[in-house]
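Asker: Provided below for reference: sequence and predicted model.
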Protein chains: 2
Amino acid sequence: SLDSLLYSANKYLVCFAVGVVTALAAFAVNLAVENISGFKFWATLTIMERGDVLGSYLAYTAMNAALVGASVAITLYVGPAAAGSGIADVKAYLNGVDVPHIFHFNTLAAKVLGAIGSVAGGLAIGKEGPFVHAGAAIAAIISQGGSGSARLPWMRNFWNDRDRYDMVACGTAAGVAAAFRSPVGGVLFALEEMTSWWKNQMLWLAFFTTAVVSVAIRVLMKACSANGCGFFGSGGFIYFEIQEGQDTYEFFELLPMLLLGVLGGLMGSGFIVMNTRLSEWRRRNLAPLGRRGRLLEGLAISVLTSTLSFVVPLMVACTACPPGSEGACPRTDDLHSGNFVKFGCRHVGGRGYYNDLATLFFNTQDDAIRNLFASKTKREYTVAALFTFTTIFYFLAALTYGIFAPTGLFVPSILCGAAYGRLVGIFVADMHPGHYIDEGTYALLGAASFLGGAMRMTVCTCVLLLELTNNLALLPLIMLVLLVAKAVGDGTGIKPIYEVQMEIKGLPFLQPQPEAFMRHITAKECCGRPPVTFNRVEKVRSIVETLRSNGHNGFPVLHRGPDGERLICGVVLRQQLLTLLGSGSRSMQPSPTVNDSSSRAALSYSVPEFSKPMSDPAEGSADGVLAPGALGEDVLDLFLDLGPFLNTSYHVVQEDAPLSKVYQLLRTLGLRHICVVPRAHEVVGMITRADLLPDALEKRYSGMPGHYTTD
Amino acid sequence: SLDSLLYSANKYLVCFAVGVVTALAAFAVNLAVENISGFKFWATLTIMERGDVLGSYLAYTAMNAALVGASVAITLYVGPAAAGSGIADVKAYLNGVDVPHIFHFNTLAAKVLGAIGSVAGGLAIGKEGPFVHAGAAIAAIISQGGSGSARLPWMRNFWNDRDRYDMVACGTAAGVAAAFRSPVGGVLFALEEMTSWWKNQMLWLAFFTTAVVSVAIRVLMKACSANGCGFFGSGGFIYFEIQEGQDTYEFFELLPMLLLGVLGGLMGSGFIVMNTRLSEWRRRNLAPLGRRGRLLEGLAISVLTSTLSFVVPLMVACTACPPGSEGACPRTDDLHSGNFVKFGCRHVGGRGYYNDLATLFFNTQDDAIRNLFASKTKREYTVAALFTFTTIFYFLAALTYGIFAPTGLFVPSILCGAAYGRLVGIFVADMHPGHYIDEGTYALLGAASFLGGAMRMTVCTCVLLLELTNNLALLPLIMLVLLVAKAVGDGTGIKPIYEVQMEIKGLPFLQPQPEAFMRHITAKECCGRPPVTFNRVEKVRSIVETLRSNGHNGFPVLHRGPDGERLICGVVLRQQLLTLLGSGSRSMQPSPTVNDSSSRAALSYSVPEFSKPMSDPAEGSADGVLAPGALGEDVLDLFLDLGPFLNTSYHVVQEDAPLSKVYQLLRTLGLRHICVVPRAHEVVGMITRADLLPDALEKRYSGMPGHYTTD
């Protein structure tokens, strides 16, 4: 039919728009970060070349502090919900939690601008996590025609939970695809990590979205590389082609790789513990100080980061350029990215020298990762440099991931893992001098191990790394390392980082499976308090009072016959009642009896009117029509026939059903509430698979008169 | 806890075993096919070189007929359920249909042996579909400890629907991974195409299985290439590294690529229609002839295929070798695979000649695909040769896919698509002579388009082709072509091939979403006939009679109090009753009242005892304990207290629930039946997400006495 065709076409249209806008946003952030950090590094290194080390340090620190300060300020004053990576919030939303403000336009703006500031400001955090949140917000805003209660009505058909859910899921896929230029990885990320329900149809829609992102970024980058976009062009999107790397491996290498997995599991879990402790400390000691406290915290961490990344390389001796690297080592002054950063090292005896620690610290993170993953650059980094970098960066990242600015965890994880992976690679190469061991391969596996230990995602991490490196030969090794890292991480009993964050934020995330003890609790015991119900025709005054006195979202409606018999008619939602009350006396009637006028009034409403606007604050439900005096006394004395507005196909469980079954029902179907009813006294019938085959049904009912239209 | 740890470890153990065995089976099939066809082609071409064209033809045809005849005979007499690709059957099983025999050991044996015969016999079908079925059967047999009712008890904990389901899903992933050496593609295939329910945990398990497959095949191939395994080594697993191919594309190329998509959608749908018509014809005209008819059909198709593939190349003029290809063209006699097959062509004027059609027909399909995908071999194939090959192969494949032998559709689709893709590539190159257009890229896109048009899988096809070609740069193009091909295919109104096959086989597949007209039917109307119920304590005689008189699988059990009040106690399954009856008087009692002895008797049963063995024929339920005289008269007069065996947490819907909701409930939760009960008269309470948070629940119930242990 035309309607459903139009609806499908609109879905693709929205996905196309989401893909293009997400790609544009990601591209803009990359461009800004590359140009700002490029300028920053250029200025710092230029001042240094003049011999003014202190001036260089001060300039570097001041620029970083200004950028981070701006980022924190924007987050604080424009969109506080943009703080952190946002992955936990979006994941909670996709689990069914109504997290306020996360898809608001202000949040999106703060996320994008803040990410530029905090990443360009040299903090030990990444922009990939914020991209995921931004992608989700873009999808929500586009599909709903706006973020507040004043929505553009152009896509009214998407004003419902299911469509918004689908679009947000596609948005997260688009975000990952934009961050890593990894379309398949984006889809798998949405599938494995973010969503709690998944339909096959969504797989395709998400893939379409990520394909659009991927093509759009390709076009944008081509335009940029042709016309020049400032410093941008060398780096930006992490995308390391290491096809020339090691794609054969010897049997003895499995042991160090296993070790990497164990290390990743332990370090990832340690990271989570440290970060959790710090979050709790922040909550106790920083939150009371208000905005100023968070701003000062950001500045302090920025100064600490700048100092460490500037002073520590200075304290390290210069390394002689490897033979045969003339021209590339040390890096010439007109290059703004790449290996072999000079950082004050001088030519001695006709031979170039470079600072290996500065090569890691004085590059954008994308470039630093590329340097670490680089194959065929044996011994570019000394053991001491890698060890120092890993240690500093690990603790800095744990400290930083939690400031009040958009922060991501992917890139620090990859960077940290790559550093200690390369360290392990050096040891392996030392122990087996006769074999070709590529340190770059170990860096890649190290990155996989840290991601596996901290995030515990496996399939999508694996595909992300595959797409990043464009080398399928490494797949079994990456899988092995991820398996071990995840197993070790899970074995420590510490939950994955995003789940811990949801707990800290108090977001009620429902795991896919119920706990074992729920088998011993019945549904009736779980409800506890008696339900708040309405009569079919209810006085407006009592509706207002009931809505004010509790926070429930669904209310069973009972029909009470004249002879005392009762029957559940259906369930009415709070939002429906608020809409009905808000539209004044349109649907109200003076008499407390059921009559025709109410169903006629119901026809004047359209379904999207009853949908809940997405970013309205939860506490807002106490205002509006529920505010004292919002409704006149004359309206309060009218009656509302809820009959035409009821959901009559509500889900029920029997009172003695074990809670584990109820849990599964609610979780699998994505319900928000479920009615508990007494045990039935008789069975009307059984419905089996065979009863539900459309062809047989169609045959059975097409001959019947009346309302059985089967087309 | 130790138990659940052991259970998880066992799951991985089973998956490991499934991976290794599937890899071994796939490897054995490849080895056999490569060696047999290698010998066949060698013998044919050697006889031909001697000038004996007729002898060559006869030898070729006879060898093919023998192989195909053996394949059909094995399928007919050993495992009739092995006929066809098996993907439709496994997909139906994973949708909840109890397809008899598909996981039986005989079926597996016939599948593996038959696939060797029919593929080595030169038919226009592939071995990849059968691999999927074989992988699923291997997983089922290993996880259940056997395929019949005599199961090894080593993994009794997996004797239940859910675990078997998970394992079979992993098995299908392993099959695809083994067929295409594509671990991620295998997982996505299981997820997108095969399973109807998917949990996150399974993603990881399936990935683990495919990783094992991938490593095992790598090890096996290494061993083979070191020691030599006959003709094997050059070919076998399709795996085309076309990294050196075209990975940039011009804007004007999008139009021919779109065209390829449209062509693929139309040709794929046409294929389905032809194949369906042929299947119906077979059902009407061949099935009555019995086994001999199917055997003759196989032989006839084999002779036809041999004749066409031998005679048509003979009628084509030889092509001069391209300049610079000396040594490689024509292929030397000691090479058994590769481009430029001589096929009777002679050197003329010092220049080599080859037969381009024979290059496609006289190679294994894997090699032919490799030849078609090959880049930088411009104009190896003439337009006429490609056109002829496409036409012949297309109709041959539609005719062959349906014979009574293991047959797959992947490779014919890829081959056919690659041929017309290359054709389009030639035209594009002709029209834009100044640009670098690689015909191999178009062959790849053509393959994608045919797969998209016939199977309508998108994400997994895309990843499969990516992993096959190891070239990520082509991703957006493949996606575009797949999108268009799927859209065009869906637009024709013809269902995907596997769904059509399920319809032909009468397998009741439930689509993910209900049809729109189901909203207008209530649950009560759908049940129709009154349910067959039992009393809690029921006479054995009446149980036996009830089970004999209908085919229901679930029976509500009612408790009838002395004062006439009734209550549903729960649901008992047919298999439970069969087990109870089969174990004699162990759980029976002489009196029709509820007493302690029955619950004591129930303790002597373990849960796996009640599980249904997987491959027992559906009609077998009429035999066994239900056969007349199987139970003595004394036993028939005893009583059975069903109380301890009931499922008390059965799912219910209210009688006026719309059927669409019931459909969703049953389909989403994977239920086999659902009880319809009268509308409730009161609400006991409401359960919301917040009530189900484990921590809050634990706090609430840990203080309570008695059975609330929350660990």
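Answerer: Cool, the structure landed.
Asker: shouldn't residue A:534 be in contact with residue A:546?
Answerer: Yes - with contacts counted by C-beta atoms under 8 Å, residue A:534 reaches residue A:546, the gap being 7.3 Å. Just so you know, the C-beta spots here come from the backbone N, C-alpha and C atoms, and that holds for glycine as well.
Asker: when the two are compared, which one has more neighbours?
Answerer: Between residue A:534 and residue A:546, counted using other C-beta atoms under 10 Å in any protein chain shown, residue A:534 has the larger neighbour count: 21 against 17.
Asker: residues contacting that one?
Answerer: Contact criterion C-beta atoms under 8 Å, 6 or more residues apart in numbering or on different chains gives A:542-543, A:546, A:555-558, A:572, A:642 as the residues in contact with residue A:534.
Asker: shared neighbours of residue A:534 and residue A:546, anything?
Answerer: In contact with both residue A:534 and residue A:546: residue A:555, using C-beta under 8 Å, 6+ apart.
Asker: below-threshold pLDDT in the stretch 51-200 of chain A: ranges please.
Answerer: A:148-150, A:154 (pLDDT under 70).
Asker: quick one, strands of it?
Answerer: Counting by DSSP state E, counting those that start in this stretch, the stretch 51-200 of chain A forms no strands at all.
Asker: what residues does it have near chain B?
Answerer: With C-beta under 8 Å from any C-beta of the partner chain as the criterion, the stretch 51-200 of chain A meets chain B at residues A:96-97, A:183-184, A:187, A:191-192, A:198-200.
Asker: which ones among those residues map onto helices?
Answerer: Filtering these for membership in helices, criterion DSSP state H, returns A:183-184, A:187, A:200.
Asker: mind checking which helix or strand of chain A has the lowest mean pLDDT?
Answerer: Least confident helix or strand, chain A: helix A:596-602 with a mean of 72, by mean pLDDT, DSSP states H and E.
Asker: what is the mean pLDDT for the helix or strand following that helix?
Answerer: Next in sequence after helix A:596-602, counting helices and strands by DSSP states H and E, comes helix A:633-636. Mean per-residue pLDDT for helix A:633-636: 82.
Asker: what's in contact with the next helix-or-strand element following helix A:633-636?
Answerer: Moving toward the C-terminus from helix A:633-636, the next helix or strand (DSSP H and E) is strand A:639-641. When contacts are defined by C-beta under 8 Å, 6+ apart, strand A:639-641 is touched by residues A:536-540, A:543, A:580, A:587-592, A:594-595, A:598-599.
Asker: SS state for the closest residue to chain B within the stretch 101-250 of chain A?
Answerer: Proximity to chain B, evaluated over the stretch 101-250 of chain A using C-beta to the nearest C-beta, is greatest for residue A:211 at 4.4 Å. What DSSP: H, G, I helix; E, B strand; the rest coil gives for residue A:211 is helix.
Asker: would you confirm that it contacts residue B:476?
Answerer: Yes - at 5.9 Å, residue A:211 counts as touching residue B:476 under the criterion of C-beta under 8 Å.
Asker: settle it for me: which of those two has more neighbours?
Answerer: The neighbour comparison of residue A:211 against residue B:476 (other C-beta under 10 Å) goes to residue A:211, with 27 against 16.
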